[in-house]
Every structure is written in structure tokens, then in C-alpha cells.
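A.B. asks: Have a look at this prediction, sequence included:
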Amino acid sequence: MATVSVCQYHPGGFSFENCKRNALLEADINKLGFSSPAARKTGTTICGVVYKDGVVLGADTRATEGMVVADKNCSKIHYISPNIYCCGAGTAADTEMTTQIISSNLELHALSTGRLPRVATANRMLKQMLFRYQGYIGAALVLGGVDCTGPHLYSIYPHGSTDKLPYVTMGSGSLAAMAVFEDRYRPNMEEEEAKRLVRDAIAAGIFNDLGSGSNIDLCVITKGKVDYLRPHDVANKKGVRTGSYRYKHGTTGVLTKAVIPLNLEVVEESVQTMDTS
Amino acid sequence: MSEEMFPEPEWLSEEVKTGTTIIAVTFDGGVVLGSDSRVSAGESVVNRVMNKLSPLHDKIYCALSGSAADAQTIAEIVNYQLDVHSIEVEDDPLVCSAATLVKNISYKYKEELSAHLIVAGWDRKKGGQVYATLNGLLSRQPFAIGGSGSFYIHGFVDAEYRKNMTKRESQEFVVNALTLAMGRDGSSGGVAYVVTIDKGGAEEKCILGNELPRFFDQ
């Protein structure tokens, strides 16, 4: 195949070398009474819609680690190429790295062909990589963009199957978001209506799913222009405290005060210049 | 290596499947393929309009069932291999060649894959043909059904199929079979896609839910 790619081809699928070591470490840690840290997931709502002039992608901004919110404002809409963006749900590290790898390979491919990359190309690369890892890479993606053949939207599942549709949702809040889409989607919407629809779909996911929350990010892709609106809507503002629990200065009386000076003298001084050119 | 070494991530158990009904029938002069359009992951439907009839070549189609990722990948690989093959022989490929390519992958990776493809099409040598490739077997049949919904219509197709039907009768047969299966199988539903392949090429049709024939529904 004539594709130039950054990664080396790994024959034989997923490498299980570290699993035995991980199991032993896990057993040791459990004996001491601790639990090993869980992989950070983006229990998420992501969605996309094709409208008259292009594609609107939307995502919430909460990253969870078990039952704790690890990041209140993480960015789930990843850059693939100037005209293609990808939302990611599932394991945060997997979506981050997968989209970065494909973005890199796609840039090399575009330099090789001399053309703006197509969404179908990005879709093929992503699905072939995810299929090669047989679902062990937990990345569920919504890929959207505009190329010379028009606007396209794909949903890509961790096992490597893809669907090409006019509107898609993914993540733990996908059912809530899909309910909004099924009610209000029309073909060939205007930009404002499409943005409102995506915003409402993500909001449905944020308010009805425990794994999604915080703000709504939007990404509007049209021919020749990308609007990355982060945040588009701050759906959850932090409340303002009405009182203060701070103690006034002087509340605690000072009984004694002792000052001990530490006599330090400079023994040796060496300066290393760093090449910062 | 024991099972405890590899704790299963939870989304692994929610693989995307095309719990499906697919059917392919030969008639005098070609074939008719039909499928439903439902793709499920666990208990939720992730795509209600998926076309499971995938072109392998101009006059050869395959019907997908089982795991969506496995089926899509096999279809795409065989599409590529058939393209190369038809350039090499400088002619349209035989349906038998397409079915053999699918069978080779299904058999070699039998333990890892869980997809069943029915290959059907028209070529100059033998006209309309239908091949079943379940589990790596290659079997030419007058008609074939597959997918989870097919269990409900085995009796129907065995009773109603007749040799040498016309194009119109085969299309009706396929639509009736799909309707009955979709009516009883929870994992099949949506719209019905029908592809008719004969000497002149392939003709795709989509029949919406409310246009399907009505059967006893009390």
C-alpha cells in the first residue's frame, strides 16, 4: 500500500506484554488495602449534525475518573485536519492518542497527494486502526468535516464499525441527545437552527446523564471556515457564596513569639548556561 | 493464560451487532437481495437506517449480518481484492470468485470473526447465483437466509419458494419474508432495502416501514 504513516506496522495485533506485570502489581496493591487508579473515561455526550452548508459538532466538557469529576472543562473536539474535526467518547487517553495519530498520518497523506484530505479517508484510517485492535482501544468517535465532495458525518465504534448518517450521537448521554435529534432534525437546516439543535441535544445529555456535565463546546465546519466555539454555552455556572467563613485577623491571640535566624553562607556558586536559541 | 488476567472493560460487552434479517433469492435471469436496517449495541439501536446490502462489484452484492465491525471489514477487504482481480483478468469477476474470497477470510479467521455474509450477483457464465458463506463453508443455493430474524421465517421460505419465479414475484417474496421476520424479531426492523441484480445492472430500492405489506396483526 502506498500510504506513508508515522507508526510502524505491528504484526499480530494488540501487545499483551504488560498484562502479567499489571496483574501482579494489582495483587500487591490490593494486599496493602489500596486500589489502583482507574482509567479516566469521558462519560460523555457528543453529537454531530449535517446542515445546509456544512457540519456542526457538539460535546460536553466533563471528564470522570470513576465517580469523581477529574476535569471540569476538558476539550473533547479534536483537530484532525483543517477541514475535519473529531469528537471522542470512551477512554480519554485512547481518543486523544488515536485522533493525534490519524491527524499526523492524514497530514503526511495530504502532502503526498497534494490535496485537502477527505472525510472518508480519515474514516477509513480510523476504522482500520480500531478494527486491528479488536475493540481494546476504547474510542467511540464522531467524525465530521467538509471536503470537495460536500459535508460528511460518520460515527465510529470501538470495534471498528462505522455509520454514515445525517445526525449521530455517542457516549453515555447519547440516548438523551438522540431523543432531541429525532424530534427536531430536518434536512438542510440553516446554521443558527443547527447550532441550536446541537446545543439542545448536548444540554439534554448534560442534565439527564450523570457522566456528562459542565459546558457545551461547538464546532461549526463549513467550506473554507471552521468556528471552534469553546465554550459555546456555560450550562452550569458555579454558584456564588453568600457568606464568608474566614476568621478575622486577631481572632486567635498570640501568646509567645520566637525568631531563630538561620546563618547560611554561600559555599560554591556555579552557573550553567542553557542554549535557548 | 487464565481469564482473571484480562479484566473485561465494560464497553467491550456492548459490541455493535447487526441483529438482522437478510435474504437472497435467484430468479430466472438474476438475483434479488433484501435486508432490514437495524443496528443494535446492547439494547439500544445505534442506526435505524443502515443499508446492509454492500456492493462488492457492479453486479455482485453481499448481505451483512453478525458483528457490524467484522462484516463491514470483510466486505471492504473483498471489495478491494475483487477490484484488483477484475483488473488482472480484464473482465467482470464471477460471483463464484467473490464468494470464494469471502469464504477464504471467513474460514481462515473463523475463531476471531463473528459475521455471516451472503454473496449474490449476476455474471455472464452462470447467470444469477446465491452463495452462503456461513462459518467458512461455500455453498451455492437457490436462495439463502441469514441473521437472527431468519429463524422465524425458515418455515415460510421453505413453503413459499418456487423455482423459476419472475423478477416481480421474487421481489414480492423477499419483501414478504423480510416483513414477517421484522415483525417477530426484536433485533430486526426499520426499513427494508431490496437490490435486484440482472444482466442490465443493479437496482436499489428502499421500502419504508409504512409501505411494507400488512399481515395478520392482532
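C.D. replies: Ah, there it is. Residues are numbered from 1 along each chain as shown, chains lettered A, B, ... in the order given.
A.B. asks: alpha carbons only for contacts and neighbour counts from here, please
C.D. replies: Will do.
A.B. asks: Check the offset of the helix ranked longest in chain B from the chain's centre.
C.D. replies: The single longest helix within chain B, with elements called by DSSP state H, is helix B:68-89. Helix B:68-89 sits 15 Å away from the centroid of its parent chain (C-alpha atoms, centre = their mean, to the nearest Å).
A.B. asks: Quick check: closest non-adjacent residue to B:Thr100.
C.D. replies: Distances taken as C-alpha to C-alpha, 6 or more residues apart in numbering or on different chains place B:Leu138 nearest to B:Thr100, at 7.1 Å, with adjacent residues excluded.
A.B. asks: what's the spacing between that neighbour and B:Cys96?
C.D. replies: Plainly put, B:Leu138 is 9 Å away from B:Cys96 if you go by C-alpha to C-alpha, to the nearest Å.
A.B. asks: what do the two both touch?
C.D. replies: B:Tyr131 (C-alpha atoms under 8 Å, 6 or more residues apart in numbering or on different chains).
A.B. asks: and A:Leu210, that one's in a helix?
C.D. replies: No - with DSSP: H, G, I helix; E, B strand; the rest coil as the criterion, A:Leu210 is coil rather than part of a helix.
A.B. asks: Pull the number of nearby residues for it.
C.D. replies: 15 (other C-alpha atoms under 10 Å in any protein chain shown).
A.B. asks: mind listing what A:Asn208 touches?
C.D. replies: A:Gly173, A:Ala176.
A.B. asks: Chain B: helices as residue ranges?
C.D. replies: B:68-89, B:95-108, B:154-160, B:167-184.
A.B. asks: now those in a markdown table, with mean pLDDT and mean neighbour count?
C.D. replies: What follows is the helices of chain B, written out as a markdown table (pLDDT from 0 to 100; neighbours: other C-alpha atoms under 10 Å in any protein chain shown):
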| stretch | mean pLDDT | mean neighbour count |
| --- | --- | --- |
| helix B:68-89 | 95 | 18 |
| helix B:95-108 | 95 | 21 |
| helix B:154-160 | 95 | 12 |
| helix B:167-184 | 94 | 21 |
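A.B. asks: Which residue does the stretch 51-200 of chain A have closest to chain B?
C.D. replies: Going by C-alpha to the nearest C-alpha, chain B is nearest to A:Ser161 of the stretch 51-200 of chain A, at 3.9 Å.
A.B. asks: Need the nearest residue in space to that residue, chain neighbours excluded.
C.D. replies: For A:Ser161, the spatially nearest residue (C-alpha to C-alpha, 6+ apart) is B:Ala69, at 3.9 Å.
A.B. asks: check contacts around the spatially closest residue to A:Asp60 that is not a sequence neighbour.
C.D. replies: Distances taken as C-alpha to C-alpha, 6+ apart put A:Ile216 closest to A:Asp60, at 4.7 Å, once the chain neighbours are dropped. Contacts of A:Ile216 were listed using C-alpha under 8 Å, 6+ apart, and they are A:58-61, A:199, A:202-203, A:230-235.
A.B. asks: So A:Ile216 versus chain B, what's the distance?
C.D. replies: 23 Å (C-alpha to the nearest C-alpha, to the nearest Å).
A.B. asks: So what sits opposite that residue in the bridge?
C.D. replies: Per DSSP bridges, the residues bridged to A:Ile216 are A:Asp60, A:Asp233.
A.B. asks: How about the contacts made by the residue of chain B found nearest chain A?
C.D. replies: Nearest residue of chain B to chain A, counting by C-alpha to the nearest C-alpha: B:Ala69, 3.9 Å away. Each residue near B:Ala69 by C-alpha under 8 Å, 6+ apart is listed here: A:Phe131, A:His159, A:Gly160, A:Ser161, A:Thr162, B:Val16, B:Lys17.
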